[in-house]
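S.K.: Structure, please.
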Amino acid sequence: MTLRSMTTYARFEQTIEDWWLFIELKSVNHRFCDVNIRCPRFLIPIEDKIRKAVQKTLIRGRVDISIQMDAGKESVPQFIPNIELTRSYIQAVKELSNSLGLEYNLDVTTLLSIVRDAITARDIERDYEQIWQVLSKGLTSALNDAVLMAEQEGKILVSSLREHLELIKRLIEDIDARRDQHLREAQAALFARIEELLGSLKELDMQRLHQEAAILADRLDITEEIVRAKSHIAQIEKILSGEPPCGRRLDFLLQELFREVNTMASKSCDDDISQKVVDIKAELEILREQVQNLV
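M.R.: Now for the predicted structure:
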């Protein structure tokens, strides 16, 4: 299975078993799978089935799905006049006008605007099992098209992620290569500074000096951070070659990678390493933004 983008679109329109069916689906990135459905009232009883089908297939994203479904005359509700209610209202108006000496003037338009339930709509009996069979065919087709587009977008996104990740790997290798030299330079600078400060003294506690140099080396050592950073990168590469969902895991690993390179800069106090860390951070920001759109 290919990693997928959360950004996708699909459209389906076809007549199935005398039903005209239209489905339009749009999805953008979102932390969860949030499905917003617009459909005719008579589909409300199976709205939950629609939502579950979408969530099972798309997994994550803000999904807006619009459904139109019509079976011609068979899908038109019946309108039933409420004769007794209307007759009772007219009789009351006549009595009121006679009692008060008012002119009686009541037409159908006025009557319908006043008497709310003079005409009521009665939904036809529907076979929801048959409706779902028809709807699910169109929905499955639309979801398959949406997944196909999401996978195509995902391939482009993963390719870009790999390019930025390769640059980060090279920068970390450069930092790794610079690490030992930086430690030697820091220790040499320490010895030179102490000799300068204590130049007039004949005796110098070399053992204590070497202890201080060892402490300095420990403080400046970024070996663990480099090892963890390489491990995070290896995990990211493995995930990019795997299956969805992966977006949240990648986001977490990028945060951990950011923390490691940040520690490298604060511990090393080396201009060259610090500059490379700045470059890595810039690449990580791009990666984190792109990862937000992966399922």
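S.K.: Buried residues, the helix or strand Arg259 falls within. List them.
M.R.: Arg259 is part of helix 247-268, with elements assigned from DSSP states H and E. Residues 247, 250, 253-254, 257-258, 260-261, 263-265, 267-268 are the ones in helix 247-268 that count as buried (16 or more other Cβ atoms under 10 Å). Bear in mind the C-beta positions are built from the backbone N, C-alpha and C, glycine included.
S.K.: can you check stretch 266-285 too?
M.R.: For stretch 266-285, using 16+ other Cβ under 10 Å, the buried residues are 267-268, 270, 273, 276-277, 280, 283-284.
S.K.: now the residues you listed in CSV, with distance to Glu185?
M.R.: Formatted as CSV, the buried residues of stretch 266-285 follow (distance: Cβ to Cβ, whole Å):
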residue, distance to Glu185
Lys267, 15
Ser268, 11
Asp270, 8
Ile273, 12
Lys276, 16
Val277, 18
Ile280, 22
Glu283, 27
Leu284, 27
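S.K.: okay, the residues you listed in TSV with pLDDT next?
M.R.: Output for those, formatted as TSV (pLDDT from 0 to 100):
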residue	pLDDT
Lys267	82
Ser268	76
Asp270	80
Ile273	88
Lys276	93
Val277	93
Ile280	96
Glu283	96
Leu284	96
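S.K.: quick check, nearest of these to Asp70?
M.R.: Nearest to Asp70 out of the buried residues of stretch 266-285 is Leu284 (Cβ to Cβ; 51.2 Å).
S.K.: OK, contacts around Arg38?
M.R.: 64-67 (Cβ atoms under 8 Å, 6 or more residues apart in numbering).
S.K.: Give the buried residues for stretch 236-248.
M.R.: 236, 239-240, 244, 246-247.
S.K.: Mind jotting down where the strands sit in this structure?
M.R.: Ranges of strands within the chain are 8-16, 19-28, 33-38, 61-70, 78-81, 119-122, based on DSSP state E.
S.K.: which other residues reach the first one?
M.R.: Going back to what we said before, that points to strand 8-16. 21-27, 58, 61, 134, 137-139, 141-143, 145-147, 149-150, 153.
S.K.: mind redoing it with 7 Å?
M.R.: Identification of contacts with strand 8-16 by Cβ atoms under 7 Å, 6 or more residues apart in numbering yields 21-27, 134, 137-138, 141-142, 145-146, 149-150, 153.
S.K.: go on, the fifth one?
M.R.: Around strand 78-81, the neighbours that count as contacts under Cβ under 7 Å, 6+ apart are 118-122, 124.
S.K.: Derive a ChimeraX selection command for the buried subset of these.
M.R.: Here is the ChimeraX command that selects the buried residues among the contacts of strand 78-81 (16+ other Cβ under 10 Å):
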select :118
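S.K.: Mind putting the contacts of strand 78-81 into TSV with distance to Arg170?
M.R.: Listed next are those as TSV, based on distance: Cβ to Cβ, whole Å:
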residue	distance to Arg170
Ala118	79
Ile119	76
Thr120	74
Ala121	69
Arg122	72
Ile124	68
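S.K.: Show me which of the contacts of strand 78-81 is closest to Val295.
M.R.: Using Cβ to Cβ, the contacts of strand 78-81 come closest to Val295 at Ile124, 40.2 Å.
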